[in-house]
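>>> Dropping the sequence and predicted coords here.
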Amino acid sequence: MTPENLTFSSQGTTCAAWHFPATDDGLTTATGRPVVVMAHGLGGTKDSGLAPFAEAFAAAGLDAFVFDYRGFGESEGAPRQTVSLPGQLEDWRAAIAAAGRLPGVDPQRIVLWGESLAGGHVLSAAADRTDIAAVVSVVPMVDGIAAGLHATKSHSARELLKATGLGIASKISEARGRGASMIPIVARPGEVGALTVAGALEDMLSIAGPTWRNEIAAHVTLELGTRAPAKAASRIKAPVLVQICDFDQSSPPHAAAKAAFAAQAEVRHYPGDHFDTFPGKPFHEPAVKHAVSFLTRKLGAEVTTSRQARRPEGSAVELVETSAPTQGAHRG
């Protein structure tokens, strides 16, 4: 199940991607196959738990295009391990364009899938576009202020003040040309890190791939405070699925629910924490099943309409029933 390695350019920087071709033609129309563009959350890389999702989508009839942001994983770009929210949105736009150029893909049937930080990115990236066919937003981080307030439930005031101080110091250091200060992406409660809730370190390590590094520029704490993709949700024209873990300690569930309401989204709830939809976790299979079912229903309706439009006048109408396929093997 080895995907094809591809590259594309974002703002002049080469980014790395995987291409999983569809192994089923059930969603193919005369104009081609749909393609789902996918990326990870905070500091995540494409080799850290995303392949099983991509494989399931490929088995359902979508090509999958999984990419690393500039400065992370196998993508080029400097400074390394530094999150820029506007920069990552530019990477999404470049990845969408690259995915739409894949052989046999319909560039007007692009699907966006993202989790955590990327769960917010997909809402922003989809807004005001007509080439986005569907959006799947998993445990999305959509509101920086809400996330800050949510963090007070699992962190002391001293920990939050320390994180803010480290972020300010990092930003000053970078501005003076000395480079950003680095902190772990995940750490244990009470330690310095971007995500320090109970279980986050162990959960991330369980899916981490060989290109993932447990470090990030400390001023990410300031960057996330400006996070507001929920404001874009009402401008999405495509159908949206939002998958929420009700005991999420990292991305506030109530903020995700508000964004889902604004997008008039279909919502699925899981009684778990932030990482619990990933491979090996209790709600991975339900989350995959629900996403595949959502996409086959929404995109399958387009297939039926397309086939009826090509039907010779006076011929019988063939009724097509779609269902969520199970995960299966596919070619890379």
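Cool, got the structure.

>>> ok, which stretches of the stretch 101-250 of the chain are helices?
117-126, 144-151, 157-175, 200-207, 220-225 (DSSP state H, counting those that start in this stretch).

>>> In the protein, where's the longest strand?
Longest strand of the chain, by residue count under DSSP state E: strand 105-115.

>>> Please identify the pairing partners of that one and their relative orientation?
Taking DSSP bridges as the criterion, strand 105-115 forms sheet pairs with strand 33-39 (parallel), strand 132-138 (parallel).

>>> Any buried residues in it, and which?
By neighbour count on 16 or more other Cβ atoms under 10 Å, the buried set for strand 105-115 is 105-106, 109-115. The C-beta positions use only the backbone N, C-alpha and C, and glycine is treated the same way.

>>> try stretch 128-145
132-144.

>>> Make JSON lines out of these and add distance to Ser206 and pLDDT.
Shown next, in JSON lines, are the buried residues of stretch 128-145 (distance: Cβ to Cβ, whole Å; pLDDT from 0 to 100):
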{"residue": "Ile132", "distance to Ser206": "32", "pLDDT": "98"}
{"residue": "Ala133", "distance to Ser206": "32", "pLDDT": "98"}
{"residue": "Ala134", "distance to Ser206": "29", "pLDDT": "98"}
{"residue": "Val135", "distance to Ser206": "27", "pLDDT": "98"}
{"residue": "Val136", "distance to Ser206": "22", "pLDDT": "98"}
{"residue": "Ser137", "distance to Ser206": "23", "pLDDT": "98"}
{"residue": "Val138", "distance to Ser206": "17", "pLDDT": "98"}
{"residue": "Val139", "distance to Ser206": "16", "pLDDT": "97"}
{"residue": "Pro140", "distance to Ser206": "21", "pLDDT": "95"}
{"residue": "Met141", "distance to Ser206": "20", "pLDDT": "91"}
{"residue": "Val142", "distance to Ser206": "25", "pLDDT": "89"}
{"residue": "Asp143", "distance to Ser206": "27", "pLDDT": "80"}
{"residue": "Gly144", "distance to Ser206": "27", "pLDDT": "65"}
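
>>> Identify, from those residues, the entry nearest to Ile236.
Nearest to Ile236, judged by Cβ to Cβ, of the buried residues of stretch 128-145 is Val135 at 6.3 Å.

>>> Report pLDDT for the residue nearest to Phe67 when sequence neighbours are not counted.
Leaving aside its sequence neighbours, Phe67 sits nearest to Ala17 (Cβ to Cβ, 6 or more residues apart in numbering; 4.1 Å). Looking at Ala17, its pLDDT reads 98.

>>> which SSE is Ala17 in?
Taking DSSP states H and E as the criterion, Ala17 maps to strand 13-20.

>>> Please apply the same query to Gly87.
Remark: Gly87 resides in helix 85-100, with elements defined by DSSP H and E.

>>> follow-up on the earlier one: of all the strands paired with strand 105-115, which one comes closest to Ser75?
Judged by Cβ to Cβ, the one of the strands paired with strand 105-115 that comes nearest to Ser75 is strand 33-39, at 10.5 Å.

>>> what's the next secondary structure element after that closest one?
helix 51-59.

>>> Now that following helix: average pLDDT?
98.

>>> And stretch 285-298, by the same measure?
pLDDT averaged over stretch 285-298 gives 98.

>>> So what touches that stretch?
With contact meaning Cβ atoms under 8 Å, 6 or more residues apart in numbering, stretch 285-298 is reached by 26-27, 34, 36, 52-53, 56-57, 60-62, 111, 113, 133-134, 136, 138, 239, 241, 243, 266, 268, 270, 277, 322-325, 327.

>>> of those residues, buried ones?
Neighbour-count burial (16+ other Cβ under 10 Å) applied to the contacts of stretch 285-298 gives 26-27, 34, 36, 52-53, 56-57, 60-62, 111, 113, 133-134, 136, 138, 239, 241, 243, 266, 268, 270, 277, 322, 324-325, 327.

>>> before we move on, back to that, where among the helices of the stretch 101-250 of the chain is the average confidence lowest?
helix 144-151 (a mean of 64).

>>> I am assuming Asp273 contacts Asp248, so please confirm or correct that.
Yes - between Asp273 and Asp248 there is a contact under Cβ atoms under 8 Å: 6.0 Å.

>>> Flag the shaky bits of the protein, pLDDT-wise.
Flagging of the chain using pLDDT under 70 yields the residue ranges 1, 144, 146-164, 166-167, 169-171, 225-227, 302-332.
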